[in-house]
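**Student:** following is a predicted model, sequence given first.
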Amino acid sequence: MYCYLRNLRSRSVPRIKDNNSILPGYAYTSELLNGSNTQCQDMMRLSRVAYIELCNLFKERGWVQGSRYSTVEEKIAMFLHVISHNDRFIKIKNRFQHSTQAAHKYFHEVLNGMMEFAKEIIVPTSNSNISRRQRELLKKFPGAIGALDGTLVHAIIPADQQARYRGRGRDKYYLCDAAYTNTRGYLTPYRNTRYWLTDFRRQRALSKEEKFNHAHAKLRNVIERAYGVLKARFSILKQMAPYSFSTQRDIVIACIAVHNFIRKKKLEDELFDRCDQASLSVSDGE
């Protein structure tokens with residue numbers, strides 16, 4: 001028995017290579033660049049044209065550099081996989097056949113580049129690019145900064161630091177429904193008065209309270225649809241990974257920057273197409 005056990009211990013176990021995918025990272029990236037639009041949309045949540053234009057812009061501005069181990073296109077593809085599917089670096093390692101340390105390094109390299117990108121793409125929209133209906137809504141609610149119920153972005157903050165992030169300053173407020181109390185920072189509609197957009201399809205708003213509620217509901221609908229597209233594109237915003245708070249903040253900025261880039265460039269995008277179609281349906285029903 002002793003000899004048998006000793007022989008078992010002495011047998012060498014063959015080492016299996018970690019990164020043994022059929023397609024190495026550079027080949028997979030090439031497939032994304034030259035393959036179908038559907039594959040890009042499924043894997044990175046943007047069209048192939050948008051991906052190529054984004055990579056070209058980053059190379060042109062020098063925000064991300066290629067290296068002997070990874071191209072700009074591959075680094076950006078890894079980054080988009082993370083924010084689109086909330087993938088962990090171990091999964092990126094297996095897909096692109098780089099070490100976990102390299103995946104981490106490239107992610108933060110692209111994230112830093114995204115902060116420079118954001119300075120150009122996240123800017124106030126001129127009035128000429130806003131519809132008349134939206135301009136009217138913004139005049140009625142100049143202090144609105146968002147809407148509650150499903151539109152906020154998830155973040156992980158230590159309990160002893162959470163108080164400092166509550167509140168958004170004077171004269172700023174969230175739009176919310178009648179389930180909330182109408183207090184500082186929260187603007188609710190009039191109670192016991194028509195509110196939902198479907199309530200006004202058969203008869204227009206008559207009283208000042210109904211007119212206020214109708215405008216409140218329309219702006220809240222616009223905000224919720226905008227956040228809905230953003231969070232549908234980038235799953236990481238629904239359940240943020242436990243990065244440092246500064247990294248979480250930068251990830252949100254990066255997601256909005258890519259989102260704005262697609263919209264401002266008027267690039268083909270199935271998520272925006274669905275949103276625009278829904279917007280037309282709401283407008284037709286008013």
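**Tutor:** Happy to help now that I have it.
**Student:** please make it C-alpha for all contacts and neighbour counts, starting now.
**Tutor:** Fine.
**Student:** may I ask which helix or strand of the protein has the lowest mean pLDDT?
**Tutor:** Ranked by mean pLDDT, DSSP states H and E, the weakest helix or strand in the chain is helix 2-10, scoring a mean of 52.
**Student:** what's the next secondary structure element after that helix?
**Tutor:** Scanning forward in sequence from helix 2-10 by DSSP states H and E, the next helix or strand is helix 25-34.
**Student:** buried stuff in the following helix or strand past that next one?
**Tutor:** Using DSSP H and E, the helix or strand that follows helix 25-34 in sequence is helix 37-44. Applying a neighbour-count criterion of 16 or more other CA atoms under 10 Å, one finds 37, 39, 40, 41, 43, 44 buried in helix 37-44.
**Student:** ok and helix 37-44 relative to helix 25-34, angle-wise?
**Tutor:** Note on geometry: by axes from the mean of the first three to the mean of the last three CA atoms, to 10 degrees, helix 37-44 and helix 25-34 are set 130 degrees apart in direction.
**Student:** CA atoms only: put helix 37-44 into PDB for me.
**Tutor:** C-alpha atoms of helix 37-44 as PDB (Å, rounded to 0.1, in the frame of the first residue of the first chain):
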ATOM      1  CA  ASN A  37     -23.000  44.300 -36.800                       C
ATOM      2  CA  THR A  38     -25.100  41.900 -34.600                       C
ATOM      3  CA  GLN A  39     -22.000  40.500 -32.900                       C
ATOM      4  CA  CYS A  40     -20.800  44.000 -32.000                       C
ATOM      5  CA  GLN A  41     -24.200  44.900 -30.700                       C
ATOM      6  CA  ASP A  42     -24.500  41.800 -28.600                       C
ATOM      7  CA  MET A  43     -21.000  41.800 -27.200                       C
ATOM      8  CA  MET A  44     -20.300  45.500 -26.800                       C
END
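**Student:** how far out from the middle of the chain is it?
**Tutor:** Offset of helix 37-44 from its chain centre (CA atoms, centre = their mean, to the nearest Å): 16 Å.
**Student:** likewise stretch 146-157?
**Tutor:** Counting by CA atoms, centre = their mean, stretch 146-157 comes out at 12 Å from the chain centroid.
**Student:** give me the contacts around that stretch.
**Tutor:** Stretch 146-157 is contacted from outside by 173-176, 220, 223-224, 227-228, 237-242, 245, 248, using CA atoms under 8 Å, 6 or more residues apart in numbering.
**Student:** just the buried residues from the residues you listed, in ChimeraX please.
**Tutor:** Burial among the contacts of stretch 146-157 is assessed by 16+ other CA under 10 Å; the matching ChimeraX selection reads:
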select :173,174,175,176,220,223,224,227,237,238,240,241,248
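**Student:** strands - which of the contacts of stretch 146-157 land there?
**Tutor:** Residues from these lying in strands, with DSSP state E as the criterion: 173, 174, 175.
**Student:** closest to residue 133 out of the residues you listed?
**Tutor:** Among the ones in strands among the contacts of stretch 146-157, residue 175 lies closest to residue 133 (CA to CA), at 17.6 Å.
**Student:** beta partners of that closest one?
**Tutor:** residue 147, residue 187 (DSSP bridges).
**Student:** doesn't residue 144 make contact with it?
**Tutor:** Yes. The criterion here is CA atoms under 8 Å, and residue 175 meets it with residue 144 at 6.7 Å.
**Student:** quick one: the helices in the stretch 101-250 of the chain?
**Tutor:** 132-140, 208-233, 245-264 (DSSP state H, counting those that start in this stretch).
**Student:** now residue 143: how far from residue 253?
**Tutor:** As judged by CA to CA, to the nearest Å, residue 143 and residue 253 stand 21 Å apart.
**Student:** out of the helices of the stretch 101-250 of the chain, flag the one nearest residue 101.
**Tutor:** Of all the helices of the stretch 101-250 of the chain, it is helix 245-264 that lies closest to residue 101, at 16.7 Å by CA to CA.
**Student:** who does the closest one touch, helix- and strand-wise?
**Tutor:** helix 100-121, helix 208-233 (3 or more CA pairs under 8 Å, 6 or more residues apart in numbering; DSSP states H and E).
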